[in-house]
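Engineer: With the sequence up front, the predicted model follows.
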Amino acid sequence: MRNRVKSLALGVVASMMVACASQKSQSTNQNPSGRQGGPPSFSQLLSQMDANEDGKLSQSEVSGPLQRDFLKMDSNADGFITESELENAPRPQRGPHPPKN
């Protein structure tokens, strides 16, 4: 009987640990607005794309939608995307992607 109680208690504790770890993983994947799977923050983009580590994103450093829409986002045409320009940029259209060459 004691072994059953111990096994049951161990199973409950293990289940709680898995649930807590899953919840923590979900909360760390949220962006500052609280939405999951949202666009990355400017600081995340800098850490991923700022190759020369100058704190700016130039057209040669970015890729994907940022590369395609760089001229639309760079509202002051200085050759860099700032945090303010990124926040005020039009959201990319969803749909089929153009074929890669």
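Structural biologist: Now that the structure is in, tell me what you want to look at. Numbering: from 1, shown residues only.

Engineer: Quick one: mean pLDDT for stretch 51-69?
Structural biologist: Taken as a whole, stretch 51-69 has an average pLDDT of 91.

Engineer: er, stretch 89-101 actually
Structural biologist: 66.

Engineer: which stretches of this protein form strands?
Structural biologist: 57-58, 80-81 (DSSP state E).

Engineer: so what strands line up beside the last one?
Structural biologist: Applying DSSP bridges, strand 80-81 is found paired with strand 57-58 (antiparallel).

Engineer: returning to what we had before: for residue 65, find the nearest of the strands of the chain.
Structural biologist: Residue 65 lies closest to strand 80-81 among the strands of the chain, at 11.6 Å (CB to CB). Glycine gets a C-beta too; all of them are placed from N, C-alpha and C.

Engineer: where do the helices sit along the protein?
Structural biologist: 2-28, 42-49, 65-68, 70-73, 83-88 (DSSP state H).

Engineer: What are the buried residues along the second one?
Structural biologist: If you call a residue buried by 16 or more other CB atoms under 10 Å, then helix 42-49 has these buried ones: 42, 45, 46, 49.

Engineer: Same check on the third one?
Structural biologist: Buried residues in helix 65-68, defined by neighbour count with 16+ other CB under 10 Å: residue 66.

Engineer: Next, find the distance separating residue 88 from residue 53.
Structural biologist: 25 Å (CB to CB, to the nearest Å).

Engineer: for residue 81, that is, sorry about that
Structural biologist: 16 Å.

Engineer: ditto for residue 38
Structural biologist: Residue 38 is 25 Å from residue 53, by CB to CB.

Engineer: Which one's more surrounded, these two?
Structural biologist: Using other CB atoms under 10 Å, the more surrounded residue of residue 38 and residue 53 is residue 38, with 12 against 8.
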